[in-house]
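Participant: coords below, sequence missing:
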């Protein structure tokens, strides 16, 4: 497919990248390109300038902070996440879930930052960030701020990252003792797009649950970590999921309950 | 600070040969490979990133070349299906196994399948059936039902034992 005429630039530092992103009203960050290039083909997106972040080395690092927390650069690919020892030590659920995203080729290119900033309701990482207490660091021209997932995810394809800004890293607290993570989903085909995705984190008998694919942003509910309480909390959330060719709204509501308990069970097993 | 460009000369090594060409920023890598370098073994299937027919190895990793701009490949090393056989034209063990196991019918998906399978065996020289199926998950074949493709990859892996 022939894309619309576009300008391209390849910065090597975050400072350069953010200056370039702020230099035009219609500049877009190009991460792994596994979504953006396709929407440019259909011309749903037709930015004037793409700022390719692939050679910004500081965005490609995974490190561990003073309290064991994971600092994941926005340009870390799913494949790098899966292979990271630091991730396996601090929060292995991220590697486990990333290994089920799309396919090998997409995991070789697709990035953590891309997954979060696209914020497609079926994406895997938003619910996971919501339950694990991840925070996102956003750089603007002259400032930097860190926001919680509640503030970060704002709508379908919409996040707290505004034009001229960029996500630089995601900070995920290390799993504490007595804490466990879980993930459950029903997908279109094995490891395909989610019909309903659920992430859960359990701590001291309390579950924090985030349900994906049912609304514009992950729906977060909290409950005691037993089946009756979890199911009731999901019912009480009054979900209004989409009704489409893949699943009726009623079936998605049913799946949300079942998968919430599965995710909590996994989290309990690991706690 | 680098300046935005609408075209730029890129230098890419494909199957061991260096190509220096000016490309438009909007040109997809798959079109560069097919139309500029004239290596038409890499196919355009769905052009939406789903089918994997355009799969190539870029710096050692499989990527779908319809989801990259050619300009992004500047400085990289690429292997396409034309680069799998030896310089004498002798097919790779995987290519021979695809032939022996009837792992293709129309052949449209085959170049991408071969590159995904090559990458898989580089990462994991003795994959299980499940690992093979996960390894080619990003490559869609509408003819074979995959059974013979999995057979071929398995037999190539066993041959390398």
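Facilitator: Received the coordinates, thanks. Keep in mind the model is a prediction, meaning the values are calculated, not measured. Numbers count the residues shown, from 1 in each chain, chains lettered A, B, ... in the order given.

Participant: C-alpha from now on. contacts and neighbour counts both.
Facilitator: Noted.

Participant: By neighbour count, which bits of stretch B:139-151 are buried? Give me those.
Facilitator: B:139, B:140, B:141, B:146, B:148, B:149, B:150, B:151 (16 or more other CA atoms under 10 Å in any protein chain shown).

Participant: actually stretch B:43-53, not the one I wrote
Facilitator: Applying a neighbour-count criterion of 16+ other CA under 10 Å, one finds B:43, B:44, B:45, B:47, B:48, B:49, B:50, B:51, B:52, B:53 buried in stretch B:43-53.

Participant: Now flag whichever of the residues you listed is closest to chain A.
Facilitator: Comparing these against chain A with CA to the nearest CA picks out residue B:48 as the nearest, at 5.9 Å.

Participant: does the closest residue to the closest one other than its chain neighbours sit in a helix or strand, and which one?
Facilitator: Distances taken as CA to CA, 6 or more residues apart in numbering or on different chains place residue A:38 nearest to residue B:48, at 5.9 Å, with adjacent residues excluded. Per DSSP states H and E: residue A:38 is located in helix A:36-41.

Participant: Would you pull up how far that helix lies from the middle of the chain?
Facilitator: 19 Å (CA atoms, centre = their mean, to the nearest Å).

Participant: what's that helix in contact with?
Facilitator: Identification of contacts with helix A:36-41 by CA atoms under 8 Å, 6 or more residues apart in numbering or on different chains yields A:1, A:2, A:3, A:4, A:30, A:45, A:46, A:47, B:48, B:49, B:67, B:68.

Participant: Reformat these as JSON lines; add pLDDT and distance to residue A:66.
Facilitator: Output for those, formatted as JSON lines (pLDDT from 0 to 100; distance: CA to CA, whole Å):
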{"residue": "A:1", "pLDDT": "81", "distance to residue A:66": "47"}
{"residue": "A:2", "pLDDT": "87", "distance to residue A:66": "48"}
{"residue": "A:3", "pLDDT": "95", "distance to residue A:66": "45"}
{"residue": "A:4", "pLDDT": "96", "distance to residue A:66": "46"}
{"residue": "A:30", "pLDDT": "98", "distance to residue A:66": "31"}
{"residue": "A:45", "pLDDT": "92", "distance to residue A:66": "40"}
{"residue": "A:46", "pLDDT": "93", "distance to residue A:66": "42"}
{"residue": "A:47", "pLDDT": "96", "distance to residue A:66": "39"}
{"residue": "B:48", "pLDDT": "94", "distance to residue A:66": "42"}
{"residue": "B:49", "pLDDT": "94", "distance to residue A:66": "40"}
{"residue": "B:67", "pLDDT": "98", "distance to residue A:66": "38"}
{"residue": "B:68", "pLDDT": "98", "distance to residue A:66": "37"}
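
Participant: Which among those residues count as buried?
Facilitator: Judged by 16+ other CA under 10 Å, buried ones among the contacts of helix A:36-41: A:1, A:3, A:4, A:30, A:46, A:47, B:48, B:49, B:67, B:68.

Participant: The residue positioned nearest the centre of chain B is in what secondary structure piece?
Facilitator: Per CA atoms, centre = their mean, the C-alpha nearest to the average position across chain B is that of residue B:56, at 2.8 Å. Assessed by DSSP H and E, residue B:56 sits inside strand B:55-58.

Participant: Quick one: mean pLDDT for that strand?
Facilitator: Averaging pLDDT along strand B:55-58 yields 98.

Participant: Packing partners of it?
Facilitator: Here strand B:55-58 touches strand B:61-64, strand B:77-79, helix B:110-123, going by 3 or more CA pairs under 8 Å, 6 or more residues apart in numbering or on different chains; DSSP states H and E.
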